[in-house]
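**Student:** A predicted structure for the sequence below; I have some questions about it.
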Protein chains: 2
Amino acid sequence: MSKIIWHITMSVDGFIAGPDDSMDWAFRASEPSALADEIREGTGAILGGRRWYDAAASKYDGVAGIYGGGWSGPVFVLTHRPEDIPEDPTVTFLSEGLRDAVGTARDAAAGKNVEIFGANTAQQCLDAGPLDEIAVHLAPVLLGDGVRLYGAPAMARQIDLERTDASESGQVTDLRFRVRK
Amino acid sequence: MSKIIWHITMSVDGFIAGPDDSMDWAFRASEPSALADEIREGTGAILGGRRWYDAAASKYDGVAGIYGGGWSGPVFVLTHRPEDIPEDPTVTFLSEGLRDAVGTARDAAAGKNVEIFGANTAQQCLDAGPLDEIAVHLAPVLLGDGVRLYGAPAMARQIDLERTDASESGQVTDLRFRVRK
């Protein structure tokens, strides 16, 4: 059964991007990881948010930079600004609701998993229910500020997880959680 | 050599207390843990903050509740309100600066470690430099709001850690980090 998975690198204090969306701390901590390989190989489609897309396109080579070029497949980007869609044949922009977009990506994944890119879209998936798993690479650093894994106070609700895997990749702790529903 | 250690239970999204200082999620996740035993046995003195003390005294049996009664030794409480010190023979209140208080607790620990209690005092120790280690019990839950492990934006600076231990206690992931200085 196809799953909806969020796969991120996180600081010990719960940030998935530093101040100004900085990711150099994550790249610096990055290690070859069995968990990362497993997620990449199981991913049939990606659903990203517009904020993720804009940052990836301007800073990280866009779709070509996903998994350092080590993955290919359909990429969908959810946007509230259909009037302002860039020309980019590597992605399909969607202006539908979250659940419809998840359904579109799931169909495209053809039995494999859908990976969510972007904190905003992932948090919406957590809050609205479709997120099945969170795969976390815990980097040995405290950032103190930035983009948090979960929860603007307005949307915060307690969500119970089940840890299904734990391993170590160098100094990084790899953890996989199922979202209890 | 005596170390200054912060020992906490944390949610996956980086909170050490939930909304309204709730800790029931942590008690619910609690498992017998070799890391917790190791820290408790190595602790020679405790230095807590005033906010921790007031919450512990009103909700959790005060000093008698520390480690469920499984630890005894000198407990110091740092306070900025020397004029408003409760009568409590189980603790020694200190109104000196952070570094002096850490020194007082270290002397009392007589070669064993000093454990820090309370987010505020621990964050000050992190920022000011005396914190040597963080021992984390990572509970399988997202809280979305509450007291964060680290960083009001004003004091946030990146702090590199070295993971020195990782193990599993039931659904809890036990992690021990050295603060790189």
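**Tutor:** Received, thanks.

**Student:** hey, let's count contacts and neighbours off CA atoms from now on
**Tutor:** OK.

**Student:** Can you pull out the low-pLDDT segments for chain A?
**Tutor:** A:152-156 (pLDDT under 70).

**Student:** Now with 80, please.
**Tutor:** Of all residues in chain A, those with pLDDT under 80 make up the ranges A:1, A:60, A:151-156.

**Student:** What segments of it are helices?
**Tutor:** Taking DSSP state H, the helices of chain A run over residues A:24-29, A:34-42, A:50-59, A:98-109, A:119-128.

**Student:** Quick one, which of those helices gets closest to chain B.
**Tutor:** In terms of CA to the nearest CA, the element of these nearest to chain B is helix A:24-29, at 9.2 Å.

**Student:** re the thing from before, pipe the helices of chain A into CSV and attach mean neighbour count per row.
**Tutor:** Listed next are these as CSV, based on neighbours: other CA atoms under 10 Å in any protein chain shown:
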stretch, mean neighbour count
helix A:24-29, 15
helix A:34-42, 16
helix A:50-59, 16
helix A:98-109, 18
helix A:119-128, 19
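
**Student:** Can you add distance to chain B and give the ones you listed back as TSV?
**Tutor:** Supplementary listing: these in TSV, determined by distance: least, CA to the nearest CA, whole Å:
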stretch	distance to chain B
helix A:24-29	9
helix A:34-42	16
helix A:50-59	20
helix A:98-109	20
helix A:119-128	10
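
**Student:** Of these, give the one that comes closest to B:A64.
**Tutor:** When these are compared for distance to B:A64 using CA to CA, the nearest one is helix A:119-128, at 39.5 Å.

**Student:** centre of the chain versus the closest one, how much separation?
**Tutor:** On the basis of CA atoms, centre = their mean, to the nearest Å, helix A:119-128 sits 10 Å off its chain's mean C-alpha point.

**Student:** and that helix with helix A:98-109, angle?
**Tutor:** Computed with axes from the mean of the first three to the mean of the last three CA atoms, to 10 degrees, the direction of helix A:119-128 lies at 100 degrees from that of helix A:98-109.

**Student:** relative orientation of helix A:119-128 and helix A:50-59 in degrees?
**Tutor:** In terms of direction (the same axes, to 10 degrees), helix A:119-128 departs from helix A:50-59 by 160 degrees.

**Student:** Output helix A:119-128 as CSV, nothing but the C-alphas.
**Tutor:** Below are the C-alpha coordinates for helix A:119-128, written out as CSV (Å, rounded to 0.1, in the frame of the first residue of the first chain):
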residue,chain,number,x,y,z
ALA,A,119,7.5,22.1,5.8
ASN,A,120,4.2,23.9,5.1
THR,A,121,2.7,21.1,2.9
ALA,A,122,4.0,18.4,5.3
GLN,A,123,2.4,20.2,8.3
GLN,A,124,-0.9,20.5,6.5
CYS,A,125,-0.7,16.8,5.7
LEU,A,126,0.0,16.0,9.4
ASP,A,127,-2.9,18.2,10.6
ALA,A,128,-5.3,17.0,7.9
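
**Student:** dump the residue contacts of the residue nearest the centre of chain A.
**Tutor:** Closest residue to the average C-alpha location of chain A: A:F117 at 3.2 Å, with CA atoms, centre = their mean. Taking CA atoms under 8 Å, 6 or more residues apart in numbering or on different chains as the contact definition, A:F117 lies against A:6-7, A:46-49, A:52.

**Student:** Chain A: strands as residue ranges?
**Tutor:** Counting by DSSP state E, one finds strands in chain A at the ranges A:4-11, A:15-17, A:43-49, A:75-78, A:92-94, A:113-117, A:133-139, A:141-142, A:147-148, A:159-169, A:172-179.

**Student:** Tell me which other helices or strands the last one touches.
**Tutor:** Meaning strand A:172-179. In terms of contacts (3 or more CA pairs under 8 Å, 6 or more residues apart in numbering or on different chains; DSSP states H and E), strand A:172-179 is packed against strand A:133-139, strand A:159-169.

**Student:** how far does the longest one sit from the chain's center?
**Tutor:** Its chain's average C-alpha position is 16 Å from that of strand A:159-169, according to CA atoms, centre = their mean.

**Student:** hmm, who's touching that strand?
**Tutor:** Contacts to strand A:159-169, defined as CA under 8 Å, 6+ apart, come from residues A:31-34, A:173-181, B:140-143, B:171.

**Student:** How about stretch A:51-69?
**Tutor:** Surrounding stretch A:51-69, the residues in contact under the criterion CA under 8 Å, 6+ apart are A:40, A:75, A:77, A:90-91, A:117-120.

**Student:** how much space is there between the most far-flung residue of chain A relative to its centre and chain B?
**Tutor:** Summary for chain A: using CA atoms, centre = their mean, the residue whose C-alpha lies farthest from the chain's mean C-alpha position is A:E83, with a distance of 25.0 Å. When CA to the nearest CA, to the nearest Å is the yardstick, A:E83 and chain B sit 33 Å from each other.

**Student:** ok, back up a step: in TSV, list the helices of chain A along with distance to B:L131.
**Tutor:** TSV is the format used below for those (distance: least, CA to CA, whole Å):
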stretch	distance to B:L131
helix A:24-29	21
helix A:34-42	32
helix A:50-59	36
helix A:98-109	44
helix A:119-128	31
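
**Student:** List the contacts of the residue farthest from the centre of chain A.
**Tutor:** Counting by CA under 8 Å, 6+ apart, there are no residues that A:E83 touches.

**Student:** Name the stretch among the helices and strands packed on strand A:172-179 that sits most buried.
**Tutor:** Among these, judged by mean count of other CA atoms under 10 Å in any protein chain shown, the one packed with the most neighbours on average is strand A:133-139 (a mean of 25).
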